[in-house]
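Colleague: Pasted the sequence and its predicted model underneath.
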Amino acid sequence: MAGLVPESVQKVANVALGSREGDKLKDLAQNTKDTTNKDRLTTDYGVKQGTADDWLRVASHEKTGPMLLEDPFARERIMRFDHERIPERVVHARGSGAFGKFRVYESAADLTFAPVLTDTSRETPVFVRFSTVLGSRGSADTVRDVRGFAVKFYTEEGNWDIVGNDIPVFFIQDAIKFPDVIHAAKPEPHNEVPQAQSAHNNFWDFQFNHTESTHMFMWAMSDRAIPRSFRMMQGFGVNTFTLINAKGERHFVKFTWTPELGVHSLVWDEALKLAGQDPDFHRKDLWEAIANGVFPKWKFGIQAIPEADEHKFDFDILDATKVWPEDLVPTRYIGEMELNRNPDEFFTQVEQIAFCTSHVVPGIGFSDDPLLQGRNFSYFDTQISRLGINFQELPINRPTCPVMNFNRDGALRHTITRGTVNYWPNRYEACPPAAKEEGAYVEYAQKVMGIKARMRSDKFKDHFSQAQLFWNSMSTIEKRHIINAFGFELDHCEDPVVFGRMVQRLADIDLNLAQTVAELVGGEVPKQGRPNHGRHAPALSQTEFPGSTPTIASRRVAILIADGYDQVAYNAAYAALSSALAVPLVVGTKRSKVTAANGKSTQPHHHLEGLRSTMVDAVFIPGGAKSVEALTRNGRALHWIREAFGHLKTIGATGEAVDLVHRAIGLPSVSVSSSGDVHESYGVVTLKELRPERLTEVVTIAKGATGFMEKFFYGISQHRCWDRELDGLNKQVAY
Ligand code: HEM
């Protein structure tokens, strides 16, 4: 029925149905129903219901008497509702996801015989779930936290899951510590405070006492922990897996996803405000991009180390608190993933999907990474209590290849398997194990000798070298953000033991970092630090990943107007933004019609109170004397401009609006156009005298452009104007 199933979703689904990508959609279709106006309301046992409004009771027009428990319709509705909730995930409870496809463009046959990584003609359907780690299902999207990046590949050989994060290392080396790190990070036990935050005593108490977390907490304090969008994050498998090739050779590998749009983050003040103003910011962002057909894409990369080289590094390659620096082990990009279809129903798809690190297909294997081995146990185990023992039968989880075995029964089993035997071996030779030639998973014949002991290799004991490597590799801006993040986090620790010790710990990474943070948060200023090895690894900085080409596709750009706005400039901006696949959002002083100086009118998408500057990437203000006068007298409009400036966003203005922007920002070092020349100053792009013929709809986004739209769009494509922050201007404006 029109309106109930979004058209864009149907379109993509139809295209996909003829392809391998469509195999999973076809499979899901067996369990998918549409709600239409031809349907009639029934009970779960199929009997039509005549009313959904009144419980059966003893009643008359004069008197409402007691209701009757005998009403099966009412009982079913209430009891069914009473049991709607299932336990949320013990970690990564809040998330959102989408369908898509994966393809390798270069075979990795030298590393593996898994067709998903070698067959360049093959398209593999995927479902991806992004998540935060600490918060409950209803918590905000933009909190400071690690983001989950879990990919399920529905391959022809079975499901393969890469259950990764947007940060390449982890807090612990051995899975046995997982309950401790999560308990310490989640809300404290006595008062269940704070929600979805690492800024509290217990988190930082653990970080101090558990030095193997040092590298990871540096990443968690960096901009990686406040992404602008799920679409602008890298993904990392984190753990060390293995690939086995047709010759039987084994390599240790790490998997990486790198986004086409580049790696970009929010600024902290914006993230904080968004958590209240639009807690679903990331969820909506992913949905909106896919619905608008701007499909997010990631390149898929592998780092590989031959088995013989396992011990050639000064870190243990099985230690999940260490990266493999790219100068030692370069990433080879061999494939691409695109997300192109929003889910049909959140619960049955995003909530019920169950990822597990132990889901690997022939040609892919595990390593002795002590974190991975514990994860391989934990996911399956928790899914039994979250979803029930038959969770693999759920439509979103079941593979697209045949499944047959003698696992039976259990709550909510619904596959009906015919036959008189449910065991192997049986007299009919029914369902025998597969031979290797038939595609059986055969474990790599790994030689293992040793003593039973609760220990790890000595290289696991180095907890600081890579924390220093990370710090050394940050850009000036990223370092500032890390200092500010510690300033915020430790300020939320009331216990002086906690923040006092933590600033001492920072001296193990960098003395200057420790001293600056100590000044900020009030701890004793350390006098001596651990010597720094001085090494760098550029790929650790997200500034190394600006995106494949400058683009403003999917960027949200506000156009601020009031009655009397200049319609020529407005129209030109709107058209150019739309043709560049950005999302123009018209924001008026009111949401009812706003009339331009030439008498034409437009209906804004929002008004200034409803949509805040935090929810957009850039702002454009067209001229028009009356409109600009109204905006100048409107405190919220002035705040909008100042806040966008403070959050380092590109601001564009033409005609009379140039003076408004100049006045709102009020800094002598930010200059504006006073003629027919386009002027750019700290990401503020202005053109005082507008000649309409200079506004074109088709804009080339490139460095050094001279036109107004070109400069404005190029600024947006660069994400933020960092010079504003480097020169301290954002600190001089109240927002
Ligand atoms: C390398 C470090 C780790 C990474 C990258 C990671 C990543 C993830 C991700 C992305 C999810 C969410 C999956 C989804 O979207 O449904 C998740 C959930 C989970 N993780 Fe991890 N995790 C790590 C370490 C661990 C460890 C060490 C354990 C336990 C020993 C663990 C236990 C869990 C559990 C129990 C869930 C909930 C699963 C569910 O309810 O379906 N994780 N993890």
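Modeller: Perfect, thanks for sending it. Numbers count the residues shown, from 1 in each chain.
Colleague: any idea how far residue 436 lies from residue 687?
Modeller: Going from residue 436 to residue 687 by Cβ to Cβ, to the nearest Å gives 70 Å. Glycine gets a C-beta too; all of them are placed from N, C-alpha and C.
Colleague: What's the mean pLDDT across stretch 620-627?
Modeller: For stretch 620-627, mean pLDDT rounds to 98.
Colleague: Extract the CA atoms of it and return them as PDB.
Modeller: Presented in PDB, the C-alpha positions along stretch 620-627 are these (Å, rounded to 0.1, in the frame of the first residue of the first chain):
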ATOM      1  CA  PHE A 620      24.000  30.100   4.100                       C
ATOM      2  CA  ILE A 621      22.200  33.400   4.600                       C
ATOM      3  CA  PRO A 622      20.900  35.200   1.500                       C
ATOM      4  CA  GLY A 623      20.500  39.000   1.600                       C
ATOM      5  CA  GLY A 624      17.300  40.900   1.500                       C
ATOM      6  CA  ALA A 625      17.100  44.100   3.700                       C
ATOM      7  CA  LYS A 626      14.000  43.200   5.600                       C
ATOM      8  CA  SER A 627      15.000  39.600   6.100                       C
END
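Colleague: Tell me where the stretch 601-735 of the chain has helices.
Modeller: Secondary structure of the stretch 601-735 of the chain (DSSP state H, counting those that start in this stretch): helices located at 625-632, 635-646, 657-665, 708-717, 722-726.
Colleague: starting at the chain centroid, how far to the third one?
Modeller: If I follow you right, that is helix 657-665. In terms of Cα atoms, centre = their mean, to the nearest Å, the centre of helix 657-665 is found 35 Å from the chain centre.
Colleague: who's in contact with the longest helix seen in the chain?
Modeller: What stands out as the longest helix in the chain, according to DSSP state H, is helix 370-387. Here helix 370-387 makes contact (Cβ atoms under 8 Å, 6 or more residues apart in numbering) with 86-90, 163, 170, 172-176, 178, 238-241, 318, 320, 352, 354-358, 366, 391, 394, 456.
Colleague: Bridging across strands, which residues link to residue 338?
Modeller: As for beta bridges, residue 338 partners with residue 101, residue 297 under DSSP bridges.
Colleague: so where does residue 36 fall, helix or strand?
Modeller: Using DSSP states H and E, residue 36 sits within no helix or strand.
Colleague: ok, now residue 585?
Modeller: Using DSSP H and E, residue 585 sits within strand 583-588.
Colleague: avg pLDDT for the very next helix or strand once past that strand?
Modeller: For strand 583-588, the succeeding helix or strand toward the C-terminus, using DSSP H and E, is strand 594-595. The pLDDT scores in strand 594-595 average 98.
Colleague: ditto for stretch 383-400
Modeller: pLDDT averaged over stretch 383-400 gives 98.
Colleague: cool, and stretch 686-698?
Modeller: For stretch 686-698, mean pLDDT rounds to 82.
Colleague: So which bits of that stretch are buried?
Modeller: Buried residues in stretch 686-698, counted by 16 or more other Cβ atoms under 10 Å: 686-688, 690, 695.
Colleague: Endpoint to endpoint, that stretch covers what distance?
Modeller: End-to-end distance of stretch 686-698: 19 Å, with Cα to Cα, to the nearest Å as the criterion.
Colleague: pLDDT below threshold where in this protein?
Modeller: Scanning the chain for pLDDT under 70 picks out the ranges 1-18, 697.
Colleague: So residue 323 is in contact with residue 169, correct?
Modeller: Yes - using Cβ atoms under 8 Å, residue 323 makes contact with residue 169 at a distance of 6.0 Å.
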